[in-house]
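Trainee: Next comes the sequence, and after it the predicted model I'd like to discuss.
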Amino acid sequence: MSMRILIIEDEKKVANFIKKGLEEEFYAVDVALNGRDGFELASKEEYDLIVLDVMLPYIDGITVTRELRKKEITTPILLLTVKETIQDKIIGLDSGADDYLTKPFAFEELLARIRALLRRKEQNKSIGLKIGDLILDLQSHNVKIKDKEIILTPKEYSILEYLMRNKNRVVSRTKLVEHVYDYHFDTETNIIDVYINKLRSKINCDSSKPLIQTIRGAGYMMKDD
C-alpha cells in the first residue's frame, strides 16, 4: 500500500536497512538521521506512521514524541531503542508513542507492528477500492478489471492507489511525486507522466473510456461515474 512512513534513526545502516525493506513492501519512505531534522519533517509533512529511535543526536526520541503531540500531530509513532526495562517502555508510551520495539529486532516483527498500527489508523476504511470495473485490494495488492488480473510495478500500484483513494478529486503531479517518492525527489521531473502512461496502457485495455483523466494544467483525476 502506498502509505508514507518517516524513519528517524541516526545509525545509517539501520535506517537504510529499514528503508529498503519497507520500500519492498510498497511503502514510500523518508529518512532523517537526527531528532532535529526528524521533528522538522514530521511537523511539516504528512505521514501515515513514524518509526523513531529513542537515542538521537540534537533531540532525543522521547522529546520528539512529546513535542509532536503538543503540536497535536497524531501520526502513530513506533519507538525503537536498546533500552528494554519496563520503566523505559512506560516513559516512551507515556510520552505519546503508540508502540515500542527493542533493538535488535527481526524485520518481520517490525513489519507486523507497523501493519498493526496502520490497521488501527485505517480500521474504519474499506479494505478495497473500486472505480467502475477496476478493483484494487488493499490487503493482497491485487488489481483486477472484470476479474482479469493487472500486473503492476510497486510505483504503478502506489500511484493508482493514491488516485483511487482521491477519486473525483484532481491530484497534482507534485502531490503524486511527494506521496510516492521521498522528499529529496525532484518534483519537476516528468516521471509521473511516464508512469501514468504505463498505467493507462494496462488498465484501459478493456475500456472505451479513459479511467485516468488528465486535467490540463492541474494534474490527474479518476471519476467514479
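Mentor: Received it, and whenever you're ready, just let me know what you need. Numbering: from 1, shown residues only.
Trainee: Going by neighbour count, which residues in the lowest-mean-pLDDT helix or strand in the chain are buried?
Mentor: Taking mean pLDDT, DSSP states H and E as the measure, the chain has helix 173-180 as its least confident helix or strand, at a mean of 80. With burial defined by 16 or more other C-beta atoms under 10 Å, the residues of helix 173-180 counted as buried are 173, 175-180. Heads up, the C-betas are built off the backbone N, CA and C, glycines and all.
Trainee: Tell me how the chain divides into domains.
Mentor: 4-122, 128-221 (automatic domain parsing).
Trainee: comparing those, which gets the lowest mean pLDDT score?
Mentor: Here the domains of the chain differ in mean pLDDT, and the lowest is domain 128-221 at a mean of 83.
Trainee: helices and strands around the longest helix seen in the chain, which ones?
Mentor: Secondary structure assigned by DSSP state H gives helix 107-122 as the longest helix of the chain. In terms of contacts (3 or more C-beta pairs under 8 Å, 6 or more residues apart in numbering; DSSP states H and E), helix 107-122 is packed against helix 12-24, strand 49-53, strand 77-81, strand 99-102.
Trainee: Need the contact partners of the helix or strand just after that helix.
Mentor: The first helix or strand that comes after helix 107-122 along the chain, using DSSP states H and E, is strand 128-131. Contact with strand 128-131 is made by 135-138, 161, 164-165, 167, 211, 222-224, as judged by C-beta atoms under 8 Å, 6 or more residues apart in numbering.
Trainee: how long is stretch 167-174 from one end to the other?
Mentor: Stretch 167-174 has an end-to-end distance of 17 Å (C-alpha to C-alpha, to the nearest Å).
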